[in-house]
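Q: turn this into a structure:
(2 chains)
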There are 2 protein chains.
Amino acid sequence: MSGDTNPTNDGGSVEQQENMPRLIDISREYVRTYMKQYDSSHDYSHIERVLSLAKHIEASETRRANGSRLYDSDIVILASLLHDVGDRKYLKPGQDGTRAVFDFLSDNGADDQTAAKVQEIINHVSYSSEIKNPSAVTRAITRHAELAVVQDADRLDALGAVGIGRCFAFSASRINHGALENAIDHFADKLVHLKDMMKTDTGREMAVERTRRIQIFREWWVEESTAKEDE
Amino acid sequence: MSGDTNPTNDGGSVEQQENMPRLIDISREYVRTYMKQYDSSHDYSHIERVLSLAKHIEASETRRANGSRLYDSDIVILASLLHDVGDRKYLKPGQDGTRAVFDFLSDNGADDQTAAKVQEIINHVSYSSEIKNPSAVTRAITRHAELAVVQDADRLDALGAVGIGRCFAFSASRINHGALENAIDHFADKLVHLKDMMKTDTGREMAVERTRRIQIFREWWVEESTAKEDE
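A: Numbers count the residues shown, from 1 in each chain, chains lettered A, B, ... in the order given. Here you go, the predicted model:
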C-alpha cells in the first residue's frame, strides 16, 4: 500500500462494485466481534452510531449540493464500520495498527485501490494525529472526500450526552481508573474544540448543539461539586 | 452491639465529646486510604461531597427549625465519612460489612454508644436495603435523626451531573463492563425515584433540580442515539 492512492470517485472496478454488499456484510460481522475487546466507550454501539451519523451527513451534504455525487457511499460505510480497527489507543507497545484494515479487506476480496482508500481514510480519522499534522488531514480529504464524513461522524459521537457517557466510561476503564474529574477536564481540553474542526457543514451544525450540551453539563458539575458548607 | 441503641441527642459522655475531634481526624485519614480500593464512582471525592452536602442539609434544616438542635454534628460528620465502609456492593461473597465501622470506631477510642449509633446509621443508608425494608429505615430515623441527613446527602450525590458521571464510571468499572445503555437504564430504574424518598425538606428541594438534570440528559441521549439515516 503506497501513501498516495488514485483519486477518488471512480467507484472501482465492476467486480469490486459487485463484491461490495458482501464486503460490507463481512466487515460488519468482523467489527461486531472485534469491538468486544475494547471497553464500553468503543463498543459496537459506537460503530452503529457513527455509521448512522455518517449516512446522515452524506445524505444532507448531497442534498445541499443539489444531489451531486460527492461521496462513494460504500466507502463511507466501510470506513465507518472499520474506523476503530487498529486504533492506537488500544494497541500494545510495538503493535502497528496502520495496515490492519488494508490486510483485512484484501484478505476478503477487496482490490488494492479500495483497501488502500479505506485504510488511508481510517489513518486520518483521529483527533491526536490531526493535532500533530493538520495539513496531512487536509491533503487526505482532497484525495478522499469520504474522510470528512466519517471523521465528523466519529467526532459527533464524542460530543453531547453520548460523548459525556463515553468519556466517563473510557476514563473508568483504564487500568489506573482516572478520577471523575479527569473526564471533566477532558471536556475542556479536547471536546469543546471539536466543533471548530468539523469538515462538513452538516457536522458543524450538529456539533454546535452537542457542544452546548457538554457545556451545560460542565456547569452543572461545577455547581454540584462546589462545597455546600454554608457556615 | 445491639440492634437498638439508646435514644439520640444526649451528646455522649464528656470524655467522648472531648475525644471527637481526634476521632473525626482519624476517620478521615482512614477513609481517604480505604476508598482507594473502590472505583472512581466511590472515591474519596464522593466522601468529601457527601460530607459537604450533609453539613449543608444540617445547617439548612436547623435554620428552618429556628435554630433548634436537631442533630449531633459530630455524628453527621462521622457517619458521612464512614458511610461506604463495608459497602455491600464491594464485599466479596461471605464477607460481612455490618460491623466494620463499629469495630473501627471502638478500636480508636469511641464509646460503645457512639460506635453503635454511627454503625446503625450506616447500615440504613443504602437504597436497596430501604427498598427491601422501608419501615426499618423509618424506625432507624426515629432513633437517629442524623440518618435522614446522611442518607439524603448520599442520594444527592447519585443525582445531577455528578450522579450521571458516577453511574457511567461504576458501570464501566465492573468486571464485565456494562454497555453505556445499562447506565442509562439505571437512571430510569432507580435514580429518578430517589427524589420521592428524600427524608429532609432541604434534600428534597435539591433533588428536584438534580433529577431534572438527569431527565434532560436522558432526552439528549435518546435524541442522539436514534438512527439518523434519513432516506
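Q: relative to A:Asn108, how far out is the residue nearest to A:Gly109 when sequence neighbours are not counted?
A: Excluding its sequence neighbours, the residue lying closest to A:Gly109 (Cβ to Cβ, 6 or more residues apart in numbering or on different chains) is A:Asn19, at 5.6 Å. (Each C-beta comes from the backbone N, C-alpha and C, glycine too.) Distance, A:Asn19 to A:Asn108, using Cβ to Cβ, to the nearest Å: 9 Å.
Q: go through chain A and flag its longest helix.
A: Ranked by residue count and defined by DSSP state H, the top helix of chain A is helix A:201-225.
Q: what mean pLDDT does that one have?
A: Mean per-residue pLDDT for helix A:201-225: 96.
Q: and that helix, which residues are buried?
A: Buried residues in helix A:201-225, defined by neighbour count with 16 or more other Cβ atoms under 10 Å in any protein chain shown: A:202-204, A:206-207, A:210-211, A:213-214, A:217-218, A:220-221, A:224-225.
Q: just stretch A:95-111 next, same as before
A: Buried residues in stretch A:95-111, counted by 16+ other Cβ under 10 Å: A:97, A:100-102, A:104-106, A:110.
Q: chain center to that stretch, what's the gap?
A: The chain centre lies 18 Å from the centre of stretch A:95-111; the measure is Cα atoms, centre = their mean, to the nearest Å.
Q: tell me the spatial nearest neighbour of A:Leu180, not counting adjacent residues.
A: B:Gly165 (4.8 Å).
Q: quick one: residues contacting that neighbour.
A: A:164, A:168, A:180, A:183-184, A:221 (Cβ atoms under 8 Å, 6 or more residues apart in numbering or on different chains).
Q: between helix A:160-173 and the host helix or strand of it, find me the angle.
A: Using DSSP states H and E, B:Gly165 falls within helix B:160-173. When axes from the mean of the first three to the mean of the last three Cα atoms, to 10 degrees is applied, the directions of helix B:160-173 and helix A:160-173 differ by 50 degrees.
Q: please compute how far helix B:160-173 lies from its chain's middle.
A: 15 Å.
Q: now stretch A:15-33
A: On Cα atoms, centre = their mean, the centre of stretch A:15-33 falls 19 Å from that of its chain.
Q: and stretch A:202-210, by the same measure?
A: Per Cα atoms, centre = their mean, the centroid offset for stretch A:202-210 relative to its chain is 15 Å.
Q: with just CA atoms, put that stretch into CSV.
A: Output of stretch A:202-210 as CSV, limited to C-alpha atoms (Å, rounded to 0.1, in the frame of the first residue of the first chain):
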residue,chain,number,x,y,z
THR,A,202,-23.9,19.3,8.5
GLY,A,203,-21.4,18.1,11.0
ARG,A,204,-20.6,21.6,12.2
GLU,A,205,-24.2,22.4,12.8
MET,A,206,-24.8,19.3,14.8
ALA,A,207,-21.6,19.8,16.7
VAL,A,208,-22.8,23.2,17.9
GLU,A,209,-25.8,21.7,19.8
ARG,A,210,-23.8,18.8,21.2
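Q: what's the burial count for A:Asp152?
A: 27 (other Cβ atoms under 10 Å in any protein chain shown).
Q: pretty sure it contacts A:Ile57?
A: Yes: between A:Asp152 and A:Ile57 there is a contact under Cβ atoms under 8 Å: 5.7 Å.
Q: okay, and the common contacts of those two?
A: A:200, A:202-203.
Q: restrict the buried residues of helix A:201-225 to contacts with chain B.
A: Intersecting the buried residues of helix A:201-225 with the contacts of chain B gives A:210, A:213, A:217-218, A:220-221, A:224-225 (criterion: Cβ under 8 Å from any Cβ of the partner chain).
Q: redo these as TSV? Include distance to A:Asp72.
A: Shown next, in TSV, are those (distance: Cβ to Cβ, whole Å):
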residue	distance to A:Asp72
A:Arg210	27
A:Arg213	32
A:Phe217	37
A:Arg218	38
A:Trp220	42
A:Trp221	42
A:Glu224	47
A:Ser225	47
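Q: what's the span of stretch A:101-112, first residue to last?
A: End-to-end distance for stretch A:101-112, by Cα to Cα, to the nearest Å: 12 Å.
Q: now swap in stretch A:170-180 and tell me
A: From its first residue to its last, stretch A:170-180 covers 11 Å (Cα to Cα).
Q: can you pull out the helices in chain A?
A: Using DSSP H, the helices of chain A run over residues A:14-34, A:44-64, A:73-82, A:100-107, A:112-123, A:127-132, A:134-143, A:146-156, A:160-173, A:180-189, A:201-225.
Q: if I pick the closest residue to A:Ser40 other than its chain neighbours, what's in contact with it?
A: Of all residues not flanking A:Ser40 in the chain, A:Ala169 sits nearest, at 4.7 Å (Cβ to Cβ, 6+ apart). The contact partners of A:Ala169, taken as Cβ under 8 Å, 6+ apart, are A:39-41, B:168-169, B:171-172, B:177, B:180, B:183.
Q: now, which of the buried residues of stretch A:95-111 sits nearest chain B?
A: Lowest distance from chain B to the buried residues of stretch A:95-111 (Cβ to the nearest Cβ) belongs to A:Gly97, with 22.0 Å.
Q: quick revisit: between the helices of chain A, which has the poorest mean confidence score?
A: Note on the helices of chain A: helix A:180-189 shows the lowest mean pLDDT, a mean of 82.
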